[in-house]
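Colleague: here is the input, now give the coordinates:
(one chain, ligands or ions: 2)
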Amino acid sequence: MTDTTIHKGLAGVLVDTTRISKVNPETNSLLYRGYPVQELAAKCSFEEVAYLLWHGELPSADELAVFTDAERSQRALTPELKAVIDALPVTCHPMDVCRTAASVLGAQHEAADDSSAEANLAKSVSLFAGMPAVVAYDQRRRRGEDLVEPREDLGYSANFLWMTFGEEAAPEVVDAFNVSMILYAEHSFNASTFTARVITSTLADLHSAVTGAIGALKGPLHGGANEAVMHTFQEITEATAEEDEAAAYAAAWLDEALAEKKKIMGFGHRVYKNGDSRVPTMKASLDAMIKHYDRPDLGELYTALETAMAERKNILPNLDYPAGPAYHLMGFDTPTFTPLFVAARITGWTAHIMEQLEANSLIRPLSEYNGPDERHLA
Ligand SMILES: CC(=O)SCCNC(=O)CCNC(=O)[C@H](O)C(C)(C)COP(=O)(O)OP(=O)(O)OC[C@H]1O[C@@H](n2cnc3c(N)ncnc32)[C@H](O)[C@@H]1OP(=O)(O)O
Ligand SMILES: O=C([O-])CC(=O)C(=O)O
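Modeller: Ligands and ions are numbered 1, 2, ... in the order given. This next block holds a predicted model:
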C-alpha cells in the first residue's frame, strides 16, 4: 500500500541502511565505520581515513604504503585536463571547475563504464589523488600564477598546500588542514551523498555520480555555506572602521539580517539540533590558526556572532562556521573553500557509491499531483 504522507525535503525519512558512518544527534556523535571522528582527527592522516571509509578497516602499515604509493603517483594534472581548465573563464566559480574536471576525468577514463567493485575503487583512488591538483591550480591561475607540480615526498595535506601556495606549509597548518579534510570526509545521507546514490541507483558510472554530487554540494544550504560564512565576516568587518571593532558590531549586524529574514550561513543543521559534533574539533584547529597567524580579532568576531545567534535564535554553528575562517587564514581565496570540501568528500561519496551498488535498488519516490484537473485540447 502507498504511504500518502508527504515528507517535504525527506526530513526524518529512513531511506536505506549504511555501514559507512553514523550521525547520532542524541549523543551528538559521529562515527566513521565505528570510530569517533574526533579520535580519527587526532590520530590519523586523511589518507588513513580515506582507506577506512572505502575498506571498512584502517590500513596496516603495508596496506598504507601500497595505497599512498598509488595516490602519490596519480597527483599530477594531465596536460589534457589542464587545457580544459585553462579554457574556462577565470570568472567562473571554482566549483564549476571541479564539476567540469570530475566529468572530464570520467570521459577520459579508459574503463569509464566498468562499475565493478575493483574498477570503482581504482577510480575513487584516482579522483581522491587528482582533485587537489585541480583545486590548487585553479586558485593559482586566478591569481595569475603558474602550475606547481606535486611532490611525492609529502603527505596528502602537505602536498595540497604545496601545490596551492608553492611553498612548504608550517606543521601546524598541515595539521589543521588534515583535520578539516577528515571532518569533511563523510556525513551519511546528506544532500550531495544522496545525490550520488540516486545517480548510482540508475547504474550510471562513478564519475557521473561524483559530478552530480559536486553540483549538489555547491549550494549555500550545503557545502557552499563555508564560503558564505567568510562573506558574512567580510561584510561585518567592512562595515566597521577597524578590524578589531568587528566583534562589537556582530550582534547589531545579526539583528538587521534576522529582521530581513536572512538565513545566517554556517548555522543550523537538518540532523543536529544541539550543535554539530564536528565543530569543537574544527574550532580547536581554527584557534591554532588564529594563534599561528596572530589574528585574535577573527576569533573575537567568531565568538561574538556565535553568542548573538545562540541568544537570539538558539541555533548553533555547523562545521562550515569554523572551517571557513580557518581556510581564510591558511591563505585560500573564499571561492576555493567549497572545492576543498569536494576534495575531502570524494572519499565519502565514493564509499557510498560502492555501498549502493552492493545492494542496489532504483531510487524513485512518488509525488502527489496537485496541478490542473484533467482537461483536453479544443
Ligand atoms: C556541512 C553542511 O552542509 S552543514 C549545513 C550548511 N548550511 C548552512 O549553514 C546554511 C544555513 N542553515 C540553514 O539554511 C538550515 O539550518 C539548514 C538548511 C542547514 C537545515 O535546515 P532545516 O532542517 O531544513 O530547517 P529549516 O531551514 O526549516 O529551519 C528551521 C527553522 O530554523 C530557522 N533557521 C535554521 N537555520 C537558520 C539559519 N542558519 N539562520 C536563520 N534561521 C535559521 C529557519 O528559518 C526556520 O525557522 P521558522 O521555523 O521560523 O521558519
Ligand atoms: O549532513 C548534512 O545534511 C550536511 C552536513 O553536515 C554534511 O554533509 O557534512
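Colleague: and the pLDDT for Ala111?
Modeller: At Ala111, the model reports a pLDDT of 87.
Colleague: assign a three-state SS to it, would you?
Modeller: coil (DSSP: H, G, I helix; E, B strand; the rest coil).
Colleague: burial count for it?
Modeller: Ala111 has 13 neighbours, counted by other Cβ atoms under 10 Å. The way it works is simple: take the backbone N, C-alpha and C, and place the C-beta from them, glycine included.
Colleague: just Thr281 next, same as before
Modeller: 23.
Colleague: again, but for Asp16
Modeller: Asp16 has 14 nearby residues by other Cβ under 10 Å.
Colleague: now it, what's its secondary structure?
Modeller: coil.
Colleague: list phi and psi for it.
Modeller: Here is the backbone geometry of Asp16 (degrees, to the nearest 10): phi -170, psi 180.
Colleague: cool, and Pro36?
Modeller: Dihedral angles (degrees, to the nearest 10) for Pro36: phi -60, psi 130.
Colleague: do the same with Val135
Modeller: Dihedral angles (degrees, to the nearest 10) for Val135: phi -70, psi -50.
Colleague: would you confirm that it contacts Thr336?
Modeller: Yes: using Cβ atoms under 8 Å, Val135 is in contact with Thr336, at 6.4 Å.
Colleague: who touches both of those two?
Modeller: Counting by Cβ atoms under 8 Å, 6 or more residues apart in numbering, the common neighbours of Val135 and Thr336 are Pro94.
Colleague: just give the nearest non-adjacent residue to the closest residue to ligand 2 within the stretch 1-150 of the chain, would you?
Modeller: Residue nearest to ligand 2 within the stretch 1-150 of the chain: Val23 (6.6 Å; Cβ to the nearest ligand atom). Of all residues not flanking Val23 in the chain, Ser188 sits nearest, at 4.9 Å (Cβ to Cβ, 6 or more residues apart in numbering).
Colleague: and the residue of the chain found nearest ligand 1, backbone torsions?
Modeller: Of all residues in the chain, Gly268 sits closest to ligand 1, at 2.2 Å by Cβ to the nearest ligand atom. Per-residue torsions, Gly268: phi 90, psi 160 (degrees, to the nearest 10).
Colleague: nearest residue to it other than its sequence neighbours?
Modeller: Nearest to Gly268 is Ile315, by Cβ to Cβ, 6+ apart, at 4.9 Å.
Colleague: can you pull the contacts of that neighbour?
Modeller: 264, 267-268, 309.
Colleague: what confidence value was assigned to the nearest residue to Pro36 once chain neighbours are set aside?
Modeller: Among residues not flanking Pro36 along the chain, Ser29 sits closest, at 6.4 Å (Cβ to Cβ, 6+ apart). Ser29 is assigned 93 on the pLDDT scale.
Colleague: ligand 2 contacts on this protein?
Modeller: Neighbours of ligand 2 within the chain, by Cβ under 6 Å from any ligand atom: 187, 190, 269-271, 318-319.
Colleague: show me the two of these that sit farthest apart.
Modeller: The span of the residues of the chain next to ligand 2, defined through Cβ to Cβ, is set by Arg270 and Leu319 at 12.9 Å.
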